[in-house]
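[1] Turn this into a model:
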Amino acid sequence: MECADRRTVIAMIGGFALTSGLGPVSAALSPSGGFVMWHSPGCGCCLEWGRRIEAAFGRKLPILEVADMAAVKRAQNVPADLQSCHTARIGNYVVEGHVPPADIKRLIASKSRIVRGLAVPGMPLGSPGMEAGRNREAYKVIAFGAGGRRSTFASHH
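    Below is the predicted model of the structure:
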């Protein structure tokens with residue numbers, strides 16, 4: 001088994017442990033107990049988003065490069081139509097794509113048991129990590145939960 005394959009398996013096990021309610025086991029299997037990002041090798045916008053998360057949360061974000069992001073997204077139960085370039089676990093929540101740190105903090109503060117995660121589908125210009133000068137696209141942060149529940153968590157212009 002190659003190194004990248006081992007990292008993928010470890011990342012998926014950690015993700016499964018976090019989503020399956022295994023308590024202390026999840027902290028042992030997942031890097032930093034719910035503070036981790038998975039991304040494809042060579043994706044610079046993901047790393048830029050990770051830097052914003054580190055600055056906002058005041059701690060290092062473990063970043064795992066994985067060849068099979070589809071497997072990570074399946075393990076984290078990210079709906080297919082909400083997927084983006086990277087997936088993270090921040091606390092008890094899945095964060096998919098270029099979600100602003102302030103929105104993540106607001107979700108964490110709410111302690112919602114209904115929302116499983118936040119997503120910014122695609123890669124909209126102007127979202128954290130996707131800045132391109134003055135070019136900006138309006139985008140929505142979608143909250144998703146069990147049973148396909150969804151709602152607009154935030155709108156950014």
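
[2] In three-state terms, label Ala143 for me.
    Of the three states, Ala143 takes strand under DSSP: H, G, I helix; E, B strand; the rest coil.

[3] do you know how far it is from Glu65?
    28 Å (C-beta to C-beta, to the nearest Å). In this view, the C-beta of every residue, glycine as well, is placed from N, C-alpha and C.

[4] Neighbour count for those two, which is higher?
    The neighbour comparison of Ala143 against Glu65 (other C-beta atoms under 10 Å) goes to Ala143, with 22 against 17.

[5] Surely the more buried one and Arg106 touch.
    No: between Ala143 and Arg106 there is no contact under C-beta atoms under 8 Å: 10.4 Å.

[6] my read is Ala119 is in a strand, agree?
    Yes: according to three-state DSSP, Ala119 belongs to a strand.

[7] That one - how many residues pack around it?
    25.

[8] Check Pro101 too.
    A count of neighbours around Pro101, defined by other C-beta under 10 Å, yields 17.

[9] same thing with Ala109?
    The number of residues near Ala109, taken as other C-beta under 10 Å, comes to 8.

[10] does it count as helix, strand or coil?
    Ala109 is classified as helix under three-state DSSP.

[11] Any regions of this structure where pLDDT drops low?
    1-33 (pLDDT under 70).
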